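>>> for reference, the sequence and a predicted model appear below.
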Amino acid sequence: MSDEQYTTVVAVIGRPNAGKSTLINSMVGQKIAITSRRPQTTRHRIHAIHTKENYQFVFIDTPGINQTSQSAFLQELNKTTRAVLSDADVVLFMLDGLTWDKTEDAIFKYFPPGELNCIAVVNKIDRFRQQHDRVTAFLQRLQQQGRFAEIVPLSCRKPTDINYLEKILRKYAVKGDFMFPADQCTDQNMRFYVSELIREKILRRFNQEIPYSAAVVIDRYEEGERSLRIKATIHVEQESHKQIIVGKGGLGIREVGKQVRQLLEKEMGTHVDIRLWVKVSRSWSTNPKLLREFGYESS
Ligand SMILES: Nc1nc2c(ncn2[C@@H]2O[C@H](COP(=O)(O)OP(=O)(O)OP(=O)(O)O)[C@@H](O)[C@H]2O)c(=O)[nH]1
Ligand SMILES: [Mg+2]
């Protein structure tokens, strides 16, 4: 094996809910990005680093691309994705199973990969086990488009599929010194991770009731000798959303806090004290000042 290093930046793009964050977590072998059944779970670009032998891949998770709404918030998410493409060496274009419709066409139109190698990942193939002919026909149609350097059907839940994708990615690796130490798997800080965990638990628990309008701000993050103290505010747009999250006698918010605390205690092996507040910040998702304050900035 040569000692020469390869460092490749891989942008992962695709429609909301395609499984981009799940793929990245599987690649890195650790939970870095939060995931849920809800579209638009990811809101920031997230770097996840996977180093094996002399290859380092820096995956950039992106918010699912949504062309249907013109809200300031969704436009901001799309801007984030556009910025990511300009940093990448390779693009993984994630498809949600055998779905190709105007969303995918729009993604190609608005986010053209240009000179970059673009690999189509046909995800969730586990759902089509009995439909061999349908899968083959779909893959053939993709091939005929002539847009992709590779077409990889896979399931993020199957480690052998993930290894296979890694092999393919090595074909497109770029020579260059590692950007991160070999044992580092993300450049996100813990504050951000904790705010994302809180958001994940809210998304999952209040799936039906709350539109994607909760933003989490960490007000205090103190690491002591034997414990970690966190205070966070969950900003929602309406009084009714606040009531849902807080729940009867504060039960809802207490349960969210408990889930986050248990997870962090397990991961960090330390006592965690977490206090959560819910606040109504009207129309934050259309207010540029609040968007900035809550950390939504594309550059
Ligand atoms: N059956 C199956 N489900 C999957 C697979 N990969 C991801 N999922 C599920 O698809 C849903 C969406 O996954 P995410 O990783 O959050 O999707 P995303 O593309 O990051 O979504 P946004 O951040 O909202 O754009 C989750 O419920 C995952 O568990 C897969 O290979 N097979
Ligand atoms: Mg995501």
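Cool, got the structure. Ligands and ions are numbered 1, 2, ... in the order given.

>>> helix or strand for N78, which one?
Element membership of N78 [criterion: DSSP states H and E] is helix 72-87.

>>> mind listing residues that contact that helix?
9, 11, 13, 40, 43-45, 60, 62-67, 91, 110-111, 113-114, 116, 285-288, 291, 296-299 (C-beta atoms under 8 Å, 6 or more residues apart in numbering). To be clear about C-beta, it is placed using only N, CA and C from the backbone, and glycine gets the same treatment.

>>> burial count for F108?
When neighbours are counted by other C-beta atoms under 10 Å, F108 registers 13.

>>> again, but for the one 4 residues further on
When counting by other C-beta under 10 Å, one arrives at 13 neighbours for P112.

>>> just the element for it, please.
Using DSSP H and E, no helix or strand contains P112.

>>> which phi and psi values does it adopt?
phi -60, psi 130 (degrees, to the nearest 10).

>>> and what of K175?
Dihedral angles (degrees, to the nearest 10) for K175: phi -60, psi 140.

>>> gap between it and D273?
Separation of K175 from D273 (C-beta to C-beta, to the nearest Å): 47 Å.

>>> more neighbours: which of these two?
D273 (13 against 10).

>>> any idea how far the closest residue to the more buried one other than its chain neighbours is from ligand 1?
Counting by C-beta to C-beta, 6 or more residues apart in numbering, D273 lies nearest to R229, which is 4.8 Å off, once chain neighbours are set aside. Here R229 is placed at a distance of 29 Å from ligand 1 (C-beta to the nearest ligand atom, to the nearest Å).

>>> surely R229 touches R220?
Yes. Using C-beta atoms under 8 Å, R229 is in contact with R220, at 6.6 Å.

>>> what is the three-state secondary structure of the residue in the stretch 51-200 of the chain that ligand 1 sits nearest to?
Nearest to ligand 1 in the stretch 51-200 of the chain, going by C-beta to the nearest ligand atom, is G64, at a distance of 2.6 Å. Here G64 is coil, with the state taken from DSSP: H, G, I helix; E, B strand; the rest coil.

>>> now do the contacts for it.
Contacts for G64 (C-beta under 8 Å, 6+ apart) come out as 14-18, 20, 39-42, 77.

>>> output the helix or strand of the chain at the bottom of the mean pLDDT ranking as PDB, restricted to C-alpha atoms.
When each helix and strand of the chain is scored by mean pLDDT, DSSP states H and E, helix 72-87 comes last, with a mean of 77. Output in PDB follows, covering the C-alpha atoms of helix 72-87 (Å, rounded to 0.1, in the frame of the first residue of the first chain):
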ATOM      1  CA  ALA A  72     -37.300  32.600   3.400                       C
ATOM      2  CA  PHE A  73     -36.500  29.600   5.500                       C
ATOM      3  CA  LEU A  74     -36.500  27.100   2.700                       C
ATOM      4  CA  GLN A  75     -34.700  29.400   0.400                       C
ATOM      5  CA  GLU A  76     -32.000  29.600   3.100                       C
ATOM      6  CA  LEU A  77     -31.800  25.800   3.100                       C
ATOM      7  CA  ASN A  78     -31.400  25.700  -0.600                       C
ATOM      8  CA  LYS A  79     -28.600  28.400  -0.500                       C
ATOM      9  CA  THR A  80     -26.800  26.100   2.000                       C
ATOM     10  CA  THR A  81     -26.900  23.300  -0.500                       C
ATOM     11  CA  ARG A  82     -25.700  25.400  -3.300                       C
ATOM     12  CA  ALA A  83     -22.700  26.600  -1.300                       C
ATOM     13  CA  VAL A  84     -21.800  23.000  -0.500                       C
ATOM     14  CA  LEU A  85     -21.500  22.000  -4.100                       C
ATOM     15  CA  SER A  86     -18.900  24.600  -4.700                       C
ATOM     16  CA  ASP A  87     -16.700  22.900  -2.100                       C
END
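
>>> follow-up on the earlier one: chain neighbours aside, what residue packs nearest to the residue of the stretch 51-200 of the chain closest to ligand 1?
G64's closest residue in space is P16 (C-beta to C-beta, 6+ apart), at 2.8 Å.

>>> what's the neighbour count on that neighbour?
19.

>>> relative to S213, how far out is S283?
S283 is 9 Å from S213, by C-beta to C-beta.

>>> who touches both of those two?
Overlap of the contact sets of S283 and S213 (by C-beta under 8 Å, 6+ apart) consists of E237.

>>> go ahead and name everything in contact with the strand or helix carrying the residue nearest to D273.
Here R229, judged by DSSP H and E, is contained in strand 227-236. Outside strand 227-236, the residues that touch it by C-beta under 8 Å, 6+ apart are 194-195, 198, 202, 210, 213-222, 242, 245, 253, 264, 268, 270-281, 284, 290, 294.
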